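Trainee: mind folding the following:
(one chain, ligands or ions: 1)
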Amino acid sequence: MPGVLVVGAVNVDMVVTAPTLPSAGETVVGPGVERHGGGKGANAAVAASRAGATVTYIGAVGDDDLGRSALAELRADGVIVDNVEVITRCPTGVALIVVDENGENQIAVGGGANSALSVEHVHEAVSASLPETGCLLVSTEIPDRAVAVAVELAIAAGVPCLLNPAPVTPVVHQLVGSGAILTPNRGELAALTPSELAGADRTIEQAVVRARALASRSRAPVVTTLGAEGSLLVTATGDAERVPPLPATVRDTTGAGDTFNGVLAARLARGTALRAAVADANAAAALSVAMLGARAGMPTDGEIDAARA
Ligand code: ATP
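Mentor: The predicted structure is shown next:
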């Protein structure tokens, strides 16, 4: 069966739990400290692998202990990391994460090797993997040119492509209309649509207005994640359907979007129709927020099926 190819960032996450999130200049002290594998690309690769896909991950690490442990964690989750670029004299990316009592988070990322991922490497590695790929998932946090080359190669080869615009960088605007399916969250959707559409931006109706505007420009479906309100599928022709959230026990929402994207890619690679793939991704993401750490709560294929039954 065709697999999932993921191009994006890999980080080591340092997670602190505290009563509240710190404001500027403030220090908060909490009891918890944990270290986890992270990075939107690598997290989504793990989510896709747990959901049953054969997953190849392309990204970059430093030639250091953090990089070796990040790759070992991916391998342990069944992700193929043979084509990860190892960059000397460049540290592996690190994310500093604070999680409060409500499960909300605040994140600062030091890109390190992710910021040095070379276009040449991405071109070569993506080209080599595309023949066995059923869905390419690309996220930002890596150089814009690397994002562009991966998306363009997949589209040219007729391989379905998801672009997770997290964060929205200039290349995302350029790739609207490329044929890639965009998967923004609410804030990213607002950043990708005209400010004149601003208004009651907390409502689902407003998200529909914005997603329709983006889908019409992209000439491709737009899948928006709405946090505790589930997700929203808008087709290229503007048909909108909200997928309600599964009830969730929220411990840590870090990685919910990555779980959503990884499972969506796994299902599309398997040939699942987009509507059903979004429903599975929505269910998997709700399961993922119950555990501390981006990857700990990512469900298996069987757990996703059970949650949807
Ligand atoms: P993050 O950056 O924290 O990974 P995100 O901002 O990219 O997340 P969200 O829109 O917050 O993405 O969440 C992604 C998906 O996770 C949602 O579409 C939904 O399916 C699921 N989800 C998130 N929070 C909840 C919740 N409280 N209850 C149920 N499902 C949730």
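Trainee: rest of the way, CA atoms for contacts and neighbours
Mentor: Will do.
Trainee: write out the residues of this protein neighbouring the ligand.
Mentor: Remark: the part of the chain in contact with the ligand comprises 185, 225-228, 230-231, 245-248, 250, 253-258, 260, 282, 285-286, using C-alpha under 6 Å from any ligand atom.
Trainee: in helices only, show me those.
Mentor: Among the residues of the chain next to the ligand, the subset assigned to helices under DSSP state H consists of Ala256, Gly257, Asp258, Phe260, Asn282, Ala285, Ala286.
Trainee: now for the residue nearest to the fourth one when sequence neighbours are not counted: which residues touch it?
Mentor: This points to Phe260. Nearest residue to Phe260 in three dimensions, chain neighbours excluded: Ala281, at 4.6 Å (C-alpha to C-alpha, 6 or more residues apart in numbering). Applying C-alpha atoms under 8 Å, 6 or more residues apart in numbering, we find Ala281 in contact with Thr259, Phe260, Asn261, Gly262, Val263, Leu264.
Trainee: same deal with Gly179?
Mentor: Ile155, Cys161, Ser218, Arg219, Ala220.
Trainee: and it, how far from the ligand?
Mentor: The spacing between Gly179 and the ligand, counted by C-alpha to the nearest ligand atom, to the nearest Å, is 21 Å.
Trainee: kindly report the same for Gly302.
Mentor: Computed as C-alpha to the nearest ligand atom, the Gly302 to the ligand distance reads 17 Å.
Trainee: same deal with Asp82?
Mentor: Distance from Asp82 to the ligand, by C-alpha to the nearest ligand atom: 26 Å.
Trainee: count of neighbours near that residue?
Mentor: By other C-alpha atoms under 10 Å, the residues close to Asp82 number 12.
Trainee: likewise for Ala108?
Mentor: With other C-alpha under 10 Å as criterion, Ala108 counts 11.
Trainee: so who does it touch?
Mentor: Ala108 sits next to Ala95, Leu96, Ile97 when contact means C-alpha under 8 Å, 6+ apart.
Trainee: any chance of CSV for these, columns secondary structure and neighbour count?
Mentor: Output for the contacts of Ala108, formatted as CSV (DSSP: H, G, I helix; E, B strand; the rest coil; neighbours: other C-alpha atoms under 10 Å):
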residue, secondary structure, neighbour count
Ala95, strand, 21
Leu96, strand, 16
Ile97, strand, 21
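Trainee: out of those residues, who's nearest Leu192?
Mentor: Nearest to Leu192 out of the contacts of Ala108 is Ala95 (C-alpha to C-alpha; 24.8 Å).
Trainee: ok, and the closest non-adjacent residue to that closest one?
Mentor: Closest residue to Ala95 apart from its sequence neighbours, by C-alpha to C-alpha, 6+ apart: Val109 at 4.2 Å.
Trainee: confidence score at Ala200?
Mentor: pLDDT recorded at Ala200 is 60.
Trainee: which other helices and strands contact the helix or strand that contains Leu163?
Mentor: Assigned by DSSP states H and E, Leu163 falls within strand 161-164. Contacts defined by 3 or more C-alpha pairs under 8 Å, 6 or more residues apart in numbering; DSSP states H and E place strand 161-164 against strand 133-139, helix 144-156, strand 181-182, helix 256-270.
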